[in-house]
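[1] A predicted structure for the sequence below; I have some questions about it.
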Amino acid sequence: MMFPAARFLIVWTGGSEVSTRFWPYLALFIASLSSLAAILTSGKDGLGSGAGVITEAVSSNKKQAAFLAVSFVYVKAMEYVGFLAASLVMMPAVMWFYGCRDKRKLVVVPVIFLAIIHLIFSKVFRISFPSWALGV
């Protein structure tokens, strides 16, 4: 299933070559499938089938559904403000969402993590990140 999805995403995100949008969309696609599977299987406790089971499963997994929704916004935001800017907003938001309340960690961890990621992928592997598309 991974290879047909990758082929579809290559064509959908820019043609025969892998564009900078490919990896974020592939990660989002895999996360979406995993979240959907987790949400749907959590509702299978002998409750039957239909919309009621799906509604109950989603409402019982609110954090996972919210994280999935924020992930879609994050990937879309990368197209407009670039990887680094979107990640500098997304990482502290996710950390806060999952319970981190230390303001120093909310600032320091994303900056250090993104600096390391940027250096490894852009300098060592020479992979370009989605860049600023607003023309500023």
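    Yep, it's here. Numbering: from 1, shown residues only.

[2] low-scoring stretches of this structure, by residue?
    Within the chain, the stretches with pLDDT under 70 are 1-20, 39-40, 42-60, 130-136.

[3] which one's the longest helix in it?
    helix 62-97 (DSSP state H).

[4] buried residues in that one, which are they?
    64-65, 67-68, 71, 74-75, 77-79, 81-88, 90-92, 95 (16 or more other C-beta atoms under 10 Å). (Glycine included, C-beta is placed from N, CA and C.)

[5] so where do the strands sit in this protein?
    Counting by DSSP state E, the chain forms no strands at all.

[6] which stretches in it count as helices?
    In the chain, helices defined by DSSP H lie at 2-12, 22-42, 51-60, 62-97, 103-118, listed in chain order.

[7] distance to Phe129 added to the ones you listed, as JSON lines?
    Supplementary listing: the helices of the chain in JSON lines, determined by distance: least, C-beta to C-beta, whole Å:
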{"stretch": "helix 2-12", "distance to Phe129": "17"}
{"stretch": "helix 22-42", "distance to Phe129": "9"}
{"stretch": "helix 51-60", "distance to Phe129": "32"}
{"stretch": "helix 62-97", "distance to Phe129": "4"}
{"stretch": "helix 103-118", "distance to Phe129": "7"}
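
[8] CA atoms of stretch 122-131 as CSV?
    Extracted in CSV, the C-alpha atoms of stretch 122-131 (Å, rounded to 0.1, in the frame of the first residue of the first chain):
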residue,chain,number,x,y,z
SER,A,122,19.8,20.6,4.1
LYS,A,123,23.6,20.4,4.6
VAL,A,124,24.3,16.7,5.0
PHE,A,125,21.6,15.1,2.8
ARG,A,126,21.0,18.2,0.6
ILE,A,127,17.3,17.9,0.8
SER,A,128,15.4,21.1,0.3
PHE,A,129,12.5,22.0,2.6
PRO,A,130,9.2,23.6,1.5
SER,A,131,10.0,27.3,1.4
